[in-house]
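Undergrad: Let's see this in three dimensions:
(chains A and B)
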Amino acid sequence: MSDLFTETAIVATLAAMLRLAMPLLLAGLGEMYGQRSGVLNLGVEGVMLLGGFFAYWTTLSTDSPWLGLLAGVAVGLIMGLLNGLISVTLRAQQGISGIGVYLFGLGLSDLLFQKIVGTPRIIDPLPEIHIWLLRDIPWIGDFAFRQRSIVYIAFLLVPLSIWVLNKTTFGLNIRAVGENPAAADSLGVSVTRTRYATLTIGGVLAGAAGAGLVLTTGTFQQNFTAGLGFIAIALVYFGAWRPIGVMLGALLFGFVQALVSQLKALELIPVSQQDLYNMAPAVITILALVAVSQRFQAPTALTKPFSRGG
Amino acid sequence: MTSRAKASGRLQRALVPVLAVVGALAIGAIMLLALGANPLTGYWAMLEGAFGSGNGLIETALKATPLMLVGVGITIAFRANVINIGGEGQMILGAIFSTGLVLLLPDMSGFVLIPLVILAGLLGGALWGAIPGALKAYFGVSEILSTIMLNLVAAQLMNYLLRGPFIDPNANELGAIPQTERLSEGADLPILFGSRLHSGPVIAIVAAIAAYILLWRTTAGYRLRAVGLNPDAARYGGMPVKRSIVLALTFSGALAGLAGALLVFGSESHRFVTDGSAAGFTGSAGFNGIVTALFGALHPLWTIPSSFLFGGLLVGANSLQRAVQVPQALIVALNGLVVVFVVSSDWIRQRLGLVEAHQPEGNDEQVETAEVEP
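TA: Down below sits the predicted model:
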């Protein structure tokens, strides 16, 4: 057990925590925008898979991970708009339509990978950026400021989202549309346009999350998200629909995952029991949902499509 | 409404899922073209493969079995206005319970063992359905999220067991395939007509009919549907709303669990085997069952033909892959499109004036559960 408390092990675990929190944070923040405006988007996982595939393929063909990230974001944007079409314009039943989007993304990313790429090859990941001065802070610098660029982007989106939601007209509109769409509508706020906007943000961030995963590991495999997209949705509930809450949730999950893999690396978990430890994120998600379910109030209009006079 | 108008309304309602499938296949054709394959050749091969031969039909029936059970289960949940996306996990638990039982009692005669296997499958799935049911009823936890999380938990539990306690003792080394030994012959599902066809499809059809009777001929089923139609009214009417929610997910899970058990004991290898993922065992039937349920208009009996159709698609996907070299994953993507199209079409139906007026105010879920059928 003492191996776990060496400086190297602790720094490695904390660095991994931030890295593993990144996709959850990106996807979770994106999902939060949608839910605050009253739309539950269950298709996050599918968008992550598609974004991840296109990021991988673009990087493979251009050797530029930045172009790869851009491709992932672009796919996310398109999927976000399609989601608007499904959930807002067509008023689909949100609990199910998202599963359709998930299956679509799962199948299409697998199909394209097999057909276009075939054999897995390693791609260049996004570069690590060691932030000048900050990287030299003892301990903290070692794990927090020697990360890949996408990790910083994800965490910078937290204060940005706080500002957007609380200090801008757009943020006010999002909250109004999510709490009382009819009232917002009567005051001239377009429910449709606001929800399209939040779903597009959600799509972009889910695409970025999938791309971020692929561009930190340098590999793609079928269903590489393995449920992370769904955990990100749960984080929004867990985080009480607030950016800080979502971030704390993402950090908790990043930490649990990092700890489990560190324990495995140090051979503190018997090989035969590793699968049991892999349950941890999902079990904690369920317990967290139970813990918070009656404490926080979801946006009133969540999952309810809006139509005037309807 | 006159009975004639009612009949034509029903016809038009039935058209929506059909159009959804046609639309998905049309988009699939565009995808095939984009990948440089001839869609006509591909789809023809698919049809041939699924329905063109005796063997194809048998495979289709076998593939349809888990889809039917999961689909009927999802229908039961849906009727109570709960969404069960936990089919994958419930199938796995059914397989774990039934396999565990057979490993414990290997020498029992089939006469006793097979009913026990079925019971254990139902029980495992029921447990994995009752948990999210109770969490929703008593803690307000979204069943959508909890069922998905339980899928992840079940997959890891399966991996643990198949790599550890359940592993084939003849291959007990690191890196061996995660699978059991060849399970006791007494538990093999009876074979029909001396072919590869086992009795699984028959059991599934019986289960679908039983679900129909449950929903429309019993008090529990009536309550369940009443809760689904309008929970507030049901509560004022003195119905046990919470218990109905738990019950719906328990039934729903039980059928998926049975599907998992049949998958193990009807498999060619007669082993419980995976590749380390949930889909490696279930073939994603837990998700694809959602498609068959929707295509079956959320009616247990319509889910029977619906499952044969989608089972056929899965079998045909093999032939499609051979004919035009496009991976079977295409079918997963198309299934997703069918789901999206079906649930998006309420709006289309309203636009076309096929359905009278709008949903009642305050009805969270606007699924077409609103008509009580004969």
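Undergrad: B:Leu337 reaches B:Ala26, doesn't it?
TA: No. The pair B:Leu337 and B:Ala26 fails to qualify as a contact (Cβ atoms under 8 Å) at a distance of 9.6 Å. (C-beta placed from N, C-alpha, C; glycine too.)
Undergrad: These two: which is more packed in?
TA: Higher neighbour count among B:Leu337 and B:Ala26: B:Leu337, with 25 against 12, using other Cβ atoms under 10 Å in any protein chain shown.
Undergrad: Next, the contact list for the closest residue to that one other than its chain neighbours, please.
TA: Distances taken as Cβ to Cβ, 6 or more residues apart in numbering or on different chains put B:Ala24 closest to B:Leu337, at 3.9 Å, once the chain neighbours are dropped. Contact partners of B:Ala24, counting by Cβ atoms under 8 Å, 6 or more residues apart in numbering or on different chains, are B:Leu334, B:Asn335, B:Leu337, B:Val338, B:Phe341.
Undergrad: tell me the contacts of residue 239?
TA: Since no chain was named, I'll use chain A. Contact partners of A:Gly239, counting by Cβ under 8 Å, 6+ apart, are A:Gly28, A:Met32, A:Gly245, A:Val246, A:Met247, A:Leu248, A:Gly249.
Undergrad: meant chain B, my bad for not saying
TA: Contacts for B:Met239 were tallied using Cβ under 8 Å, 6+ apart; they are B:Arg223, B:Ala226, B:Val227.
Undergrad: out of those residues, who has the most neighbours?
TA: Highest neighbour count within the contacts of B:Met239, by other Cβ under 10 Å: B:Val227, with 27 neighbours.
Undergrad: I'd assumed that one was in a helix, is it?
TA: Yes. B:Val227: assigned to a helix according to DSSP: H, G, I helix; E, B strand; the rest coil.
Undergrad: low pLDDT regions in the chain?
TA: Using chain A here. Counting by pLDDT under 70, chain A shows low-confidence ranges at A:1-2, A:309-310.
Undergrad: oops, chain B please
TA: Scanning chain B for pLDDT under 70 picks out B:1-10, B:12-13, B:172-175, B:346-374.
Undergrad: what's the residue closest to the geometric middle of it?
TA: Taking Cα atoms, centre = their mean, the centroid of chain B lies closest to B:Val70, which sits 2.3 Å from it.
Undergrad: contacting residues around it?
TA: For B:Val70, counting by Cβ under 8 Å, 6+ apart, the contacting residues are B:87, B:90-91, B:255-256, B:259, B:285-286, B:288-290, B:292-293.
Undergrad: Specify which member of those is nearest to chain A.
TA: For chain A, the nearest member of those is B:Ile290. The distance, counting by Cβ to the nearest Cβ, is 6.0 Å.
Undergrad: residues near the closest one, how many?
TA: 28.
Undergrad: three-state assignment of it?
TA: helix.
Undergrad: What separation is there between it and B:Gly283?
TA: Between B:Ile290 and B:Gly283 the computed distance is 14 Å (Cβ to Cβ, to the nearest Å).
Undergrad: Equivalent analysis for B:Pro178, please.
TA: B:Pro178 sits at a distance of 16 Å from B:Gly283 (criterion: Cβ to Cβ).
Undergrad: any idea where the helices of chain B begin and end?
TA: Per DSSP state H, chain B has helices spanning B:3-34, B:39-51, B:54-79, B:87-104, B:110-139, B:143-163, B:200-217, B:219-229, B:231-236, B:241-265, B:278-282, B:285-295, B:303-324, B:329-351. These are given in chain order.
Undergrad: can I get the ones you listed in a markdown table with distance to A:Trp163?
TA: A markdown table is the format used below for those (distance: least, Cβ to Cβ, whole Å):
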| stretch | distance to A:Trp163 |
| --- | --- |
| helix B:3-34 | 40 |
| helix B:39-51 | 49 |
| helix B:54-79 | 41 |
| helix B:87-104 | 40 |
| helix B:110-139 | 34 |
| helix B:143-163 | 28 |
| helix B:200-217 | 51 |
| helix B:219-229 | 42 |
| helix B:231-236 | 39 |
| helix B:241-265 | 40 |
| helix B:278-282 | 40 |
| helix B:285-295 | 38 |
| helix B:303-324 | 47 |
| helix B:329-351 | 34 |
